[in-house]
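> quick one, fold the following:
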Amino acid sequence: MRLESRSLARIDSQHVLLLKGLLLWIVVAFAAVVAWSYGLLQQVWTADATGISVAITLAFLVAAAQGSRQVLLLSRALNHLAAVQRAIQGGMSSDHRSGNIPGLPEGCVADYISGLYTKARLSGARVALDQALLLESFETELRQGHDFGWFVADLLLSLGLLGTVVGFILMLGPIAMLDAADHTAVKAALASMGGGMAVALYTTLAGLVGGILLKIQSLLLDGGIRELMQRTTRLTEIYVLPAIERMRGDATL
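Numbers count the residues shown, from 1 in each chain. The predicted structure follows:
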């Protein structure tokens, strides 16, 4: 009973994945507004003379926008899956003699089920129907553009590490030929060391924060894709494939 009630709750829910993504970015936006009001963001960008922190910020914004689009598309796919599941469980009629299923709402899951019917019709009654390859292709289509978030997250961490190395080079460079007796040179070297340390710390901070946030978004997408694939597989194994087998059995009579 608990599993059934949880399944029905998932079917009736709308845009749960999108709400999770919005909650993440609402928290991030609130933290960004607070940091801006205290001048922390401006300090990070201005203190970094190399511009690596600005590059990290721009790359993060692009990847976050692209990931948000993926979240929206996947959330719509989950909603469509719920609509298809309600239609099938509600006993909506299907035309088993053709590849299309007019009783189902249009969308990616209905197209996948239509592909199953087309494969069954073209392969013949004696060939066992296996949906493993179709499921793999379906998952590949769902993951298009998804790896971009993981790539940018790793890129931001690498840029943060690069900024650390550059910052230490800028920090240690002025003391290489320093004359300890020249107090003016010592003061200038200390000022340069402070600037190099700022580059090292701020770029590392920007890379870590941006990379962590993008990985959280990518994990959210991974969870949504796993849920969509599991529910689609369960739906087709329980309802669609038995209906196809009955259709093929009736055709041989």
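> show me where the stretch 151-253 of the chain has helices.
183-235, 241-252 (DSSP state H, counting those that start in this stretch).
> mean pLDDT for the ones you listed: which is lowest?
Ranked by mean pLDDT, the helices of the stretch 151-253 of the chain bottom out at helix 241-252, with a mean of 71.
> return the helix or strand in this structure with minimum mean pLDDT.
When each helix and strand of the chain is scored by mean pLDDT, DSSP states H and E, helix 2-12 comes last, with a mean of 49.
> ok so, going back, most tightly packed of the helices of the stretch 151-253 of the chain?
Greatest average neighbour count among the helices of the stretch 151-253 of the chain goes to helix 183-235 (a mean of 18), per mean count of other C-beta atoms under 10 Å. Quick note: C-beta positions are derived from backbone N, CA and C, even for glycine.
> how far does that helix sit from its chain's centre?
Counting by C-alpha atoms, centre = their mean, to the nearest Å, helix 183-235 is centred 16 Å from the centre of its parent chain.
> helices or strands up against it?
Under the contact criterion of 3 or more C-beta pairs under 8 Å, 6 or more residues apart in numbering; DSSP states H and E, helix 183-235 touches helix 16-37, helix 40-47, helix 52-89, helix 108-123, helix 132-142, helix 147-172.
> what packs against the longest one?
With contacts taken as 3+ C-beta pairs under 8 Å, 6+ apart, helix 52-89 sits against helix 2-12, helix 16-37, helix 40-47, helix 108-123, helix 147-172, helix 183-235.
> now do the fourth one, average pLDDT.
In this model, helix 108-123 has a mean pLDDT of 85.
> how big is the angle separating it from helix 183-235?
Here helix 108-123 points in a direction 50 degrees away from that of helix 183-235 (axes from the mean of the first three to the mean of the last three C-alpha atoms, to 10 degrees).
> what of the second one?
Between helix 16-37 and helix 183-235, the angle comes out at 170 degrees (the same axes, to 10 degrees).
> quick one: buried residues of helix 16-37?
16-18, 21-22, 24-25 (16 or more other C-beta atoms under 10 Å).
> so how far is that helix off the chain centroid?
16 Å.
> of the helices and strands packed on helix 183-235, which shows the lowest average pLDDT?
helix 108-123 (a mean of 85).
> helices or strands up against that one?
With 3+ C-beta pairs under 8 Å, 6+ apart as the test, helix 108-123 has helix 52-89, helix 132-142, helix 183-235, helix 241-252 packed against it.
> tell me how far residue 199 lies from residue 162.
Counting by C-beta to C-beta, to the nearest Å, the gap from residue 199 to residue 162 is 10 Å.
> follow-up on the earlier one: residue 123: which of the helices of the stretch 151-253 of the chain is closest?
helix 241-252 (9.2 Å; C-beta to C-beta).
> distance to residue 53 added to the helices and strands packed on helix 52-89, as JSON lines?
As requested, those are exported to JSON lines (distance: least, C-beta to C-beta, whole Å):
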{"stretch": "helix 2-12", "distance to residue 53": "41"}
{"stretch": "helix 16-37", "distance to residue 53": "13"}
{"stretch": "helix 40-47", "distance to residue 53": "5"}
{"stretch": "helix 108-123", "distance to residue 53": "39"}
{"stretch": "helix 147-172", "distance to residue 53": "7"}
{"stretch": "helix 183-235", "distance to residue 53": "5"}
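> which one of these lies nearest to residue 244?
helix 108-123 (4.6 Å).
> next, the buried residues of that closest one.
108-110, 112-114, 116-117, 119-121.
> tell me how far it lies from the chain's centre.
Relative to its parent chain, helix 108-123 has a centroid offset of 27 Å by C-alpha atoms, centre = their mean.
> what does stretch 156-175 give?
The answer for stretch 156-175 is 30 Å, by C-alpha atoms, centre = their mean.
> next one: stretch 36-54
Here stretch 36-54 is found 27 Å from its chain centre; the criterion is C-alpha atoms, centre = their mean.
> having no further points to raise, I will conclude here.
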